[in-house]
Each structure stands twice: as C-alpha cells, then as structure tokens.
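**Q** Provided below are the primary sequence and the corresponding predicted coordinates.
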Amino acid sequence: MAAENTIFQKVISLCSRHSYIFKAQQRCASGLYELGPLGMELKHNICTEWWYSMVTSQGNVYGVECPSINRELQHRHFTKTTGNATNDANTEHENESCRQEEDDHLYSVPSSVFRTSLYQGTLLQYLHIKDLANKQLPFGTAQKGTCFRHRREQGADRFIFDTQEFTQLSVQYYCFPNTAAQQLDSWQRQRLDWWRKFAENPSNFTATDIQTKDQVQTLDIQYKFPWGPDTIERIYNRGQLPMDELLRWMNEGEVDCKRRVDAAGIDQGSAKDGGKKDLVDMLKARHGRKQTLPHTIEMTTCVESGMLAYLLDGFSEKQDVAQSTQKSPPKGPLQVMTFHSKLAPIKVAIVIKGSAARALQEISQYLQGEFRKSNMNVIEMDRTLTLQQMYRRADAMGVLFTIFVHEDTVKDGTIGIRSLGEAIVQGQHITQVKEFVLRHINHE
C-alpha cells in the first residue's frame, strides 16, 4: 500500500508539471481542479470514444443536452425567499416577468439547485426519443454534462476522483421488461470490455456482482486504485420505476413535463379519470406487436474518475539508458505515461536538429499540417532542450512518436522516428511517416 501511495503522489506531481491537472487557483475553490492542455485533450478523447461506443455505433441511442440548473428547485427557492410565484392564474406577461426575476435571482441561490446527476433531465427527454425511435423498443438516451457534489467525502485526498464539479456520462436504455435482465448482463460485458480496451493493465478493471436494493439492481465497474477497488461506472436495472416516476411528474404538472403533455394534446385536468390512462398509454412503447411500459437500464460514469484510472494505469518508471552513458548528475528514473493511441493527448512531437533552420522549420510546419489533417494533435519541441530532456519530457507527456527533422531530411527526405519510451530512433522517409503513424494508431 505504501508503494502504491508513492506512485499516486508521483502521478499527481507529473500531472501538475506537465499541464494535465492541478488544483484550482481561485479562492474558496477547495475540492476543485483545473485542466491544462494535456488534461483537456485526455478528457476530450475519453468522451469522444465513449460517445462513439454508446451513441454513434449503437444506432438506437440518441444524444440530448439539458440545463445544469434544476429549474424546479430554483423556482421553490425563489418563491420561498421573495414571496413571488408563477401559477396558472397569472397572465402570460406576469409569468414571463416572474421568470425573468427568477433568472436575475439565480446568482444568489444555494448550490442545491445545481444538478447532482443527469438522471432527471435525461428521463424527461423520453417522449421525444420514443417518437424518434418510432415507438419501437429497445432505444436509449445519452447525455454528457456537468454535475456537482454538494459535499466531498471526508478522509484522504483522492485527487480528481471525487472532485466537487465533475462531468457525468449517462445512458438510459429502455427495453422490453422480459429482456431487462439479459440487457443488464449484455451492457455489463460491453462496458467492462470498453474500459479494458484502452488499458495497459486490463486486469485492474473488474465488475462486481449484482446487488439489489429497493427493487433496483446495480453493479459496478471498478478500478484498482491505491486505496483499493473503487467505482468508475455504475450500471442499474431500474425496472419500471423511471416510468412510474415520469407518470407522477406528469400527474403533478411538473413544469418540464407540462409542456410535453400539452404538445401531445393530453388534458391534465382529467388525469383522475380517463386522462390517467391516456398518460400511461402515452408512455408505452412497442415490442413487436405488444405495447408496454419499458424497463430502464441506466449507465453512469464520472469522466474525472475514469481519467484518474487511466493516468494511474499508464504510469511507469524505467531506467534512463541515455542518462547512464552521460556524466551529468542522475535525475532519477524515466517516468513514462503510456496511453492507448486513441486516448493519448499528443500523438506526435517534432524535433528540429541542425543549422538549416529555415528549411527545417518549413518541413516541420508541413508535417504538422499533414498530421492535423488526420485529426492528430502535434507539437514542436523546444530546441533549447538537450536530447535527454526531450526524451524525458515526451515520455512524461505520453507522446506516441517523436519525429526528428535534420539536415539529411533536406538532402534526401530521411527523418528519424522514436516510439514512446524507446531509446532507438528508426530511419523513415518523410513521405511514409504519416502512414506509419496512422497505421499504428488504427491498429490498436
């Protein structure tokens, strides 16, 4: 455990030195973190791969976006503190005026009006998604958004694992009741395979057994953190409970639901008799020829927890071979951050070596442009650094390939290319280097 905690501290230090993640600098920002360029790229790449896996490649899952402010809680706080309220008896002008006052009042509301999960906003989109899916089960709704923890767990600092402001990724998947258990099992396998796909040490990602509480089945996908296995994604079989909850919101005239009910031509005033049946029928979807209230499988993950898992998973230390052959004072082992090629923040770093500065700079700019056309993030290394310093910097940043542009490049088009963590520099012709890098990235 002591060794794992030492590695944890080394990862935190590396993240701060190389613009991954560091504590927020503002006052009263305890428990908050800022992302530097590399951290932002890593987060973006994780979210992109998640979206492709959960939405783009599925065919029956649709993305939505909802406000991060819970308007119902905001309205209640506004009414309590000002004595003003909007109701059906008010004129449209009075309602609009009152809503504007609520918006102006927003900056004084407590943090409790900010959402803690994407659950409610995603569920409120159900009717729209059902129509888009031609009312045919199964189908799903996906959302990515900022959420807030009102209290951070006491105890040891766990870096970004439980930061107060976080990005949640969520899918609600609606299915025929008889297939819910099968869907839970299928999604568990898919999600665990997804996490392991991008890992250096896949065995550190595991799934728990199913637990049942209050009619809801849950299982967790966990990573082996320094403090022990902890959850990076939770999968629920919520059964019919979300549909029951959505029906209750409709019957109670919740603001967000009222607009959807009105659009469907349902009279809420008659909900106590025939209107209630209309609302139930409105929620039903088809499975073959049958009409039913679907059961819901939900998957939620905190991106920051996943980022920390991959940072710890990819960190290693190696003997610095170049250092052992030099007389300079030892600088410790070589720290290497190894990411899957799809997640790596920087794919290519270019180093200019030689006196033909102008010609080499033009070649560097050409290569950078070619890599960026293929959606690869590329940087140019500081030429004032020694070769050893460049290696250490590139490896700590997780750069997949370091390309050396030198005087021979001008003469015969030869460049040098070094892979992450390797001491050997291979020769390659400049016309083949882009294909070489792309082949490696697409192969993984």
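**A** All right, it came through fine.

**Q** From here on, just use CA atoms for contacts and neighbour counts.
**A** Noted.

**Q** all strands for the stretch 51-200 of the chain, in order.
**A** 61-64, 139-148, 165-175 (DSSP state E, counting those that start in this stretch).

**Q** my bad, should have said the stretch 201-350 of the chain
**A** According to DSSP E, counting those that start in this stretch, the strands that the stretch 201-350 of the chain contains are 205-207, 211-213, 216-225, 228-239, 285-287, 290-292, 295-302, 315-318, 334-337, 348-352.

**Q** What are the contacting residues of the third one?
**A** Counting by CA atoms under 8 Å, 6 or more residues apart in numbering, the neighbours of strand 216-225 from elsewhere in the structure are 191-192, 204-212, 229-239, 309, 312.

**Q** picking up where we left off before, of the strands of the stretch 51-200 of the chain, flag the one that's most buried.
**A** Stretch with highest mean neighbour count among these: strand 165-175 (a mean of 23; mean count of other CA atoms under 10 Å).

**Q** outside of that one, which residues touch it?
**A** Contacts of strand 165-175 (CA under 8 Å, 6+ apart): 32, 47, 54, 61, 117-119, 122-123, 137-149, 183, 294-304.

**Q** Let me know how buried G332 is, in neighbour terms.
**A** G332: 11 surrounding residues under other CA atoms under 10 Å.

**Q** That should have said R196, apologies.
**A** 15.

**Q** Over to the one 4 residues further on?
**A** The number of residues packed around E200, counting by other CA under 10 Å, is 16.

**Q** roughly how far apart are it and N5?
**A** E200 sits 19 Å away from N5, going by CA to CA, to the nearest Å.

**Q** try K342
**A** 28 Å.

**Q** So the two - more neighbours on which side?
**A** K342 (17 against 13).

**Q** Which pLDDT value belongs to the more buried one?
**A** We have a pLDDT of 95 for K342.

**Q** Also D320?
**A** For D320, the predicted pLDDT is 71.

**Q** again with R158
**A** pLDDT, read off for R158, is 89.

**Q** start at 24 instead
**A** That works, and once the first residue is 24, the last one we named lands at R181.

**Q** Contact partners for it?
**A** So R181 contacts nothing (CA under 8 Å, 6+ apart).

**Q** Repeat that for Y43.
**A** Applying CA under 8 Å, 6+ apart, the residues near Y43 are 37, 58-63.

**Q** Quick one: list the elements packing against the strand or helix carrying Y389.
**A** Using DSSP states H and E, Y389 sits in helix 380-396. In terms of contacts (3 or more CA pairs under 8 Å, 6 or more residues apart in numbering; DSSP states H and E), helix 380-396 is packed against strand 371-375, strand 401-403, strand 424-428, helix 430-435.

**Q** If we use 10 Å, what do you get?
**A** strand 371-375, strand 401-403, strand 424-428, helix 430-435, helix 456-466 (3 or more CA pairs under 10 Å, 6 or more residues apart in numbering; DSSP states H and E).

**Q** Please list the residues outside that helix that contact it.
**A** 370-377, 398-403, 426-430, 432-433, 436, 453-454, 456-458, 460-461 (CA atoms under 10 Å, 6 or more residues apart in numbering).

**Q** Burial check on Q388, number of neighbours?
**A** 12.

**Q** do you know how far it is from K376?
**A** For Q388 relative to K376 (CA to CA), the value is 14 Å.

**Q** again with L150
**A** From L150 to K376 the distance is 61 Å (CA to CA).
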